[in-house]
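Asks: Requesting a structural model of the entry that follows:
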Amino acid sequence: MALCNKHVFSKWSKHALSCSFILFFLKGIILSFQTRLFPELKSCLERCEELWERVEGVRHKLTRILNPAKLTPYLRQCKVIDEQDEDEVLNSTQYPLRISKAGRLLDILRGQGQRGLQAFMESLEFYHPEQYTQLTGQQPTHRCSLILEGLTQFLLLEVRKLREQLRNSRLCERRLSQRCRMAEEERSRAERKAQDLRHDKLQLERFG
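Replies: The predicted structure is shown next:
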């Protein structure tokens with residue numbers, strides 16, 4: 001029995017040492033990646049936060065200039081906002097003024113972090129180049145033509161989607177109209193049948 005326990009303990013010890021070596025090796029790899037990537041990631045996050053702080057510094061001015069209805073199609077194309085976000089910004093009674101709509105849009109984009117910032121800066125570069133230059137210190141590039149091309153494709157897809165929805169809506173309307181007509185015909189038949197039954201009853205009572 002003791003010999004068996006000794007054998008099991010020896011086997012367990014070897015397994016534990018093997019696991020320890022693997023964990024040590026993996027920690028080394030992770031540490032190596034952190035050493036190389038963390039400074040770059042930290043620098044990127046710091047630049048992102050710094051640029052958001054600049055945006056917040058001129059927030060009052062930006063919300064007076066920005067037209068959310070112009071920006072949201074491109075921002076949806078970049079997938080930093082969705083249809084629900086767009087509807088909230090443009091149609092919610094909580095944001096009746098354009099200034100409040102623009103402010104809500106900025107809040108949503110900031111919640112998207114670096115992706116939200118990048119998409120917002122690209123939209124500024126296209127629609128408000130002066131504000132883009134003031135915030136970034138850079139002149140707008142020739143990417144605007146690419147942005148316009150992508151935005152055009154996105155809007156074409158949206159138009160097709162709306163046409164499909166309209167076609168489905170009209171089809172549904174025709175079906176409902178047909179059902180209403182059939183229900184009306186059924187009601188008329190039921191009324192005539194009831195009238196005939198009353199007439200027959202009166203006849204029976206008269207001759208009875």
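
Asks: only C-alpha atoms for contact and neighbour calcs from this point on.
Replies: Noted.

Asks: if I look at residue 136, how far off is residue 130?
Replies: Relative to residue 130, residue 136 is positioned 10 Å away (CA to CA, to the nearest Å).

Asks: The residue lying closest to residue 129 once chain neighbours are set aside: neighbour count?
Replies: Distances taken as CA to CA, 6 or more residues apart in numbering put residue 140 closest to residue 129, at 6.2 Å, once the chain neighbours are dropped. Neighbour count for residue 140, taken as other CA atoms under 10 Å: 17.

Asks: unless I'm mixing things up, residue 140 is touching residue 133, no?
Replies: Yes - counting by CA atoms under 8 Å, residue 140 touches residue 133, with 7.1 Å between them.

Asks: Mutual contacts of those two, please.
Replies: The contact sets of residue 140 and residue 133 overlap at residue 125 (CA atoms under 8 Å, 6 or more residues apart in numbering).

Asks: Which of the helices or strands spans residue 79?
Replies: Here residue 79 sits in a region with no helix or strand, counting by DSSP states H and E.

Asks: same deal with residue 134?
Replies: Secondary structure (DSSP H and E) places residue 134 in helix 129-136.

Asks: OK, contacts around the residue most central in space within the chain?
Replies: Among the residues of the chain, the one closest to the centroid is residue 82, at 2.4 Å (CA atoms, centre = their mean). Contacts for residue 82 were tallied using CA under 8 Å, 6+ apart; they are residue 76.

Asks: What separation is there between it and residue 163?
Replies: Remark: distance between residue 82 and residue 163 (CA to CA) = 19 Å.

Asks: Check residue 174 too.
Replies: Computed as CA to CA, the residue 174 to residue 163 distance reads 16 Å.

Asks: Also residue 115?
Replies: Residue 115 is 31 Å from residue 163, by CA to CA.

Asks: neighbour count winner among these two?
Replies: residue 115 (16 against 12).

Asks: tell me the contacts of residue 112?
Replies: The neighbours of residue 112, taking CA under 8 Å, 6+ apart as the test, are residue 80.

Asks: Kindly report the same for the one 4 residues further on.
Replies: Residues in contact with residue 116, defined by CA under 8 Å, 6+ apart, are 80, 109, 110.

Asks: Would you map the helices across this structure?
Replies: With helices called from DSSP state H, the chain shows them at 2-57, 59-65, 68-77, 83-91, 98-111, 113-127, 129-136, 143-207.

Asks: which other helices and strands contact the last one?
Replies: Counting by 3 or more CA pairs under 8 Å, 6 or more residues apart in numbering; DSSP states H and E, the packing neighbours recorded for helix 143-207 are helix 68-77, helix 113-127.

Asks: What angle do helix 98-111 and the first one make with each other?
Replies: Using axes from the mean of the first three to the mean of the last three CA atoms, to 10 degrees, the inter-axis angle of helix 68-77 relative to helix 98-111 is 20 degrees.

Asks: Number of residues surrounding the closest residue to residue 72 other than its chain neighbours?
Replies: Leaving aside its sequence neighbours, residue 72 sits nearest to residue 86 (CA to CA, 6+ apart; 6.4 Å). By other CA under 10 Å, the residues close to residue 86 number 20.
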